[in-house]
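Enquirer: Sequence and computational prediction follow.
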2 protein chains.
Amino acid sequence: MKRITIKDIARTLSLSVSTVSRALTGDKNIRTETRDAVIAAAKRLGYRPNPVAKNLKAGHSNTVGVLVPEMVTPYAAKVIGGVQSVLYGRGIKVLIADSGEDSDKERDNLALMEQFMVDGIIISLCDYKRNNDEIRRLAEAGMPIVSYDRMARGLDIPQVTVDDYMKAFFLTEKLILGDRKTVVHLQGPDCVYNSIERFRGYRDAMAKYRLPVTPEMVIRTGLSFADGAEAADRIMRECPSCDAIFGFTDTVAIGAMNRMRELGRSIPEGVAVAGFSGTELSTIVYPQLSTVEPPLELMGRTAAELLLEKINNPSAPNRSVVLNADIIMRGSSQA
Amino acid sequence: MKRITIKDIARTLSLSVSTVSRALTGDKNIRTETRDAVIAAAKRLGYRPNPVAKNLKAGHSNTVGVLVPEMVTPYAAKVIGGVQSVLYGRGIKVLIADSGEDSDKERDNLALMEQFMVDGIIISLCDYKRNNDEIRRLAEAGMPIVSYDRMARGLDIPQVTVDDYMKAFFLTEKLILGDRKTVVHLQGPDCVYNSIERFRGYRDAMAKYRLPVTPEMVIRTGLSFADGAEAADRIMRECPSCDAIFGFTDTVAIGAMNRMRELGRSIPEGVAVAGFSGTELSTIVYPQLSTVEPPLELMGRTAAELLLEKINNPSAPNRSVVLNADIIMRGSSQA
DNA sequence: AACGTTTGCGGGAACGTTTCCAAAATCTGC
DNA sequence: GCAGATTTTGGAAACGTTCCCGCAAACGTT
């Protein structure tokens, strides 16, 4: 597999490499005839520029990396769609790396992006602090980084998020106004900062209506459907009188809802269910899931724009954006 | 953002670049003391090797690219998990590109992979022939490529698939044996070869039991949930007497199932539903969806292994693997 | 003590580009 | 035709590595 290089072209045309390069890069300091000859020869020989060499020279790659914590949910796919819609038009390519909720893999992926000399990174974190050191190092070394959704704390980088606290508050409130008194919360793992915020929103909404929140009503859970199902088992054991479940994520809410039904509880009559950060998943389950729906495509576009700002002007102040998210009540919670 | 290079280390230690390089690459022709000194200095200065330069030198990148047609479904995520489990252990990194069911974007992504000098490509195609020319060019230029699931036709590359025809046949047969007579098939778009195979399996199973397949019973559909829902609308109009639906994909089957229920048909009593290429999605819907479940993780691992074979021995014959897939009957079709 | 071997290191080319600078070729106007 | 301006070209360095080659010093052998 001999690759055709600029030198080969130079040789066959008895020209210098510099001339060939000029022809190919569209430099104007060249006779049109020679340029045409070069281009023709390049085509004839099947020349394809070696971008690694170009990157080495240029020090960048016209590519940005998107690091996502998981891909089981279409969440990332939607956001990436938004990112691409902004970046493709500018000739910037988008690279994806999935960390599968594993901080170590995330760290590797971060390194990978640096290796490829991406011009910037868009990231949604597995853990809100585990890789902060690495991200800080990168950012300080001049790598533009913006985060979305699952943000970092104590890191001075642009972020695009929704107001987890407020949305969780209002969603809980809606459940309460739907005449639910014992709303169980499936709280996410500590390593996800959003779960802390969403819990606060839940807690304060309950407090506002003077509804007690006993320890059995807050269940620690993971991130998967199975985690949600397990949580449902615990609910049946420890808090069988509950009449609503608010999952910190659609995924766990769905897992819990399905298991509750299997265990004989009717949804929504017996138990109302709601989730957070809705994707299409919330509409394919039965009954459809009430959730907080962030504008994912817009989130991606915004992240891309913030990143471009940083790329074009590295010393620009870090702008963060809080997007509005719709609270959508569906069959899973209509009493 | 001044990057520390090997030269900087050489300068501060009054050594030559070659010595520094040797120390860093673990060459044995070096005194242990100097090596330690170099390593210490590297650490102190915060040296990070520039992999682009390495790639340029080495002509490869220790990275393989995975091109997926979509990420709305966790299908790709699972397969990628398998790929990573094989490749990570060998120090090979995995890059993902999502084409969003768009052949043009897929073509761009193919080019992107070439640009990054990936050592190989694992691909599931948007369209079974649209980019064959590009893939052929790459393969002939010596790029190892293997495809999985959505394979190409008439392209001599290793593939890992399941037997779409047989599995569709047996699944249809199970529906029939469950006492369904009018099985409607949601046929996928022509550009996906699997849909052709699955249709054949359906048709032949129906024929085996001498069940008529009228034109209204085969509905052309797309790839999304919404496409499935639309198909359900058509079924209600054109073939309301049907008692089963076999969707060429879980996605369309789910879309159709949910819409059928909305329109008042009971599942599975009134209409049984089954899909194909199951992911977790088929277990979160209600009732749970009968489907053909390929071993996705294994599929990824196998693809990775076939790719490694090709990478290590480019002239090896192209081995293809057909994996077994389980046919799993669930609530959506139990009469 | 003289010789070959090994060990440790530096010089420099190479990977495929781009780009600066200077040299050569061509063009201007007289 | 000729000086000067301008266009077109070639040479060479550079991006950050690796690696081959050769040289010197240290070592081992008789």
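Expert: Happy to help now that I have it.
Enquirer: Check whether residue A:67 sits in a helix, strand or coil.
Expert: strand (DSSP: H, G, I helix; E, B strand; the rest coil).
Enquirer: which residues touch it?
Expert: Neighbour list for residue A:67: A:96, A:97, A:99, A:106, A:109, A:110, A:113, A:121, A:122, A:123, A:124 [criterion: CB atoms under 8 Å, 6 or more residues apart in numbering or on different chains]. In short, each C-beta sits where N, CA and C put it, glycine included.
Enquirer: Who is the nearest residue to it once chain neighbours are set aside paired with across the strands?
Expert: Of all residues not flanking residue A:67 in the chain, residue A:123 sits nearest, at 4.2 Å (CB to CB, 6 or more residues apart in numbering or on different chains). Using DSSP bridges, the bridge partners assigned to residue A:123 are residue A:67, residue A:147.
Enquirer: thinking again about what came up before, sitting in helices, which of the contacts of residue A:67 do you find?
Expert: Assigned to helices by DSSP state H, the following of the contacts of residue A:67 qualify: A:106, A:109, A:110, A:113.
Enquirer: what's near enough to touch the nearest residue to the last one once chain neighbours are set aside?
Expert: Spelled out, that is residue A:113. Spatial nearest neighbour of residue A:113, excluding adjacent residues (CB to CB, 6+ apart): residue A:65 at 3.8 Å. Neighbour list for residue A:65: A:94, A:95, A:96, A:97, A:109, A:112, A:113, A:116, A:118, A:120, A:121, A:122 [criterion: CB under 8 Å, 6+ apart].
Enquirer: Output the set of residues of the stretch 51-200 of chain A in proximity to DNA strand D.
Expert: With the criterion set to CB under 7 Å from any atom of the strand, the stretch 51-200 of chain A comes near DNA strand D through A:53, A:56, A:57, A:59.
Enquirer: Provide the secondary structure category for the second one.
Expert: Taking three-state DSSP as the rule, one finds residue A:56 in the helix state.
Enquirer: Retrieve the pLDDT associated with the closest residue to it other than its chain neighbours.
Expert: Leaving aside its sequence neighbours, residue A:56 sits nearest to residue B:52 (CB to CB, 6+ apart; 4.9 Å). Predicted confidence (pLDDT) for residue B:52: 82.
Enquirer: what sits against residue B:52?
Expert: Shown in contact with residue B:52 (CB under 8 Å, 6+ apart): A:52, A:55, A:56, A:61, A:115, A:116, A:117.
Enquirer: Is it possible to get JSON lines of the residues you listed that adds secondary structure?
Expert: Shown next, in JSON lines, are the contacts of residue B:52 (three-state DSSP):
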{"residue": "A:52", "secondary structure": "helix"}
{"residue": "A:55", "secondary structure": "helix"}
{"residue": "A:56", "secondary structure": "helix"}
{"residue": "A:61", "secondary structure": "coil"}
{"residue": "A:115", "secondary structure": "helix"}
{"residue": "A:116", "secondary structure": "coil"}
{"residue": "A:117", "secondary structure": "coil"}
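Enquirer: what subset of these is also close to DNA strand C?
Expert: Of the residues in the contacts of residue B:52, proximity to DNA strand C by CB under 7 Å from any atom of the strand holds for residue A:56.
Enquirer: measure residue A:310 to residue A:61 for me?
Expert: Residue A:310 sits 16 Å away from residue A:61, going by CB to CB, to the nearest Å.
Enquirer: Same question for residue A:222.
Expert: Distance, residue A:222 to residue A:61, by CB to CB: 36 Å.
Enquirer: which of these two has more neighbours?
Expert: Counted by other CB atoms under 10 Å in any protein chain shown, residue A:222 and residue A:61 do not tie: residue A:61 has more neighbours, with 24 against 18.
Enquirer: so that one sits right up against residue A:51, yeah?
Expert: Yes: with contact defined as CB atoms under 8 Å, residue A:61 counts as touching residue A:51 (7.4 Å).
Enquirer: Residue A:324: how many residues sit nearby?
Expert: By other CB under 10 Å, neighbour count at residue A:324 equals 11.
Enquirer: Can you name the residues that contact it?
Expert: A:162, A:295.
Enquirer: Extract the C-alpha set from the helix or strand where residue A:233 lies and format it as CSV.
Expert: Residue A:233 is part of helix A:225-238 when elements are defined by DSSP states H and E. Only the C-alpha atoms of helix A:225-238 are listed here, as CSV (Å, rounded to 0.1, in the frame of the first residue of the first chain):
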residue,chain,number,x,y,z
PHE,A,225,-33.0,0.3,33.8
ALA,A,226,-32.1,-2.5,36.1
ASP,A,227,-31.2,-0.1,38.9
GLY,A,228,-34.7,1.4,38.6
ALA,A,229,-36.3,-2.0,38.8
GLU,A,230,-34.3,-2.8,41.9
ALA,A,231,-35.4,0.5,43.4
ALA,A,232,-39.0,-0.5,42.8
ASP,A,233,-38.4,-3.7,44.7
ARG,A,234,-37.1,-1.7,47.6
ILE,A,235,-40.1,0.6,47.4
MET,A,236,-42.5,-2.3,47.6
ARG,A,237,-40.7,-3.5,50.7
GLU,A,238,-39.9,-0.3,52.5
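Enquirer: Which neighbouring elements make contact with that helix?
Expert: If you count contacts as 3 or more CB pairs under 8 Å, 6 or more residues apart in numbering or on different chains; DSSP states H and E, helix A:225-238 packs onto strand A:183-187, strand A:218-220, strand A:244-247, helix A:250-262.
Enquirer: So which bits of that helix are buried?
Expert: A:225, A:226, A:227, A:228, A:229, A:230, A:231, A:232, A:234, A:235 (16 or more other CB atoms under 10 Å in any protein chain shown).
Enquirer: Enumerate every residue touching the residue nearest the centre of chain A.
Expert: Nearest to the geometric centre of chain A sits residue A:124, at 4.4 Å (CA atoms, centre = their mean). By CB under 8 Å, 6+ apart, the contact list for residue A:124 reads A:67, A:68, A:69, A:76, A:79, A:147, A:148, A:149, A:150, A:151.
Enquirer: how near is it to DNA strand C?
Expert: Distance, residue A:124 to DNA strand C, by CB to the nearest atom of the strand, to the nearest Å: 34 Å.
Enquirer: Relative to chain B, which residue of the stretch 201-335 of chain A is the closest?
Expert: Here the stretch 201-335 of chain A gets closest to chain B at one residue, residue A:286, 3.7 Å apart by CB to the nearest CB.
Enquirer: and that residue, how many residues sit next to it?
Expert: Counted with other CB under 10 Å, residues neighbouring residue A:286 total 21.
Enquirer: Same question for residue A:313.
Expert: Neighbour count of residue A:313, defined by other CB under 10 Å: 10.
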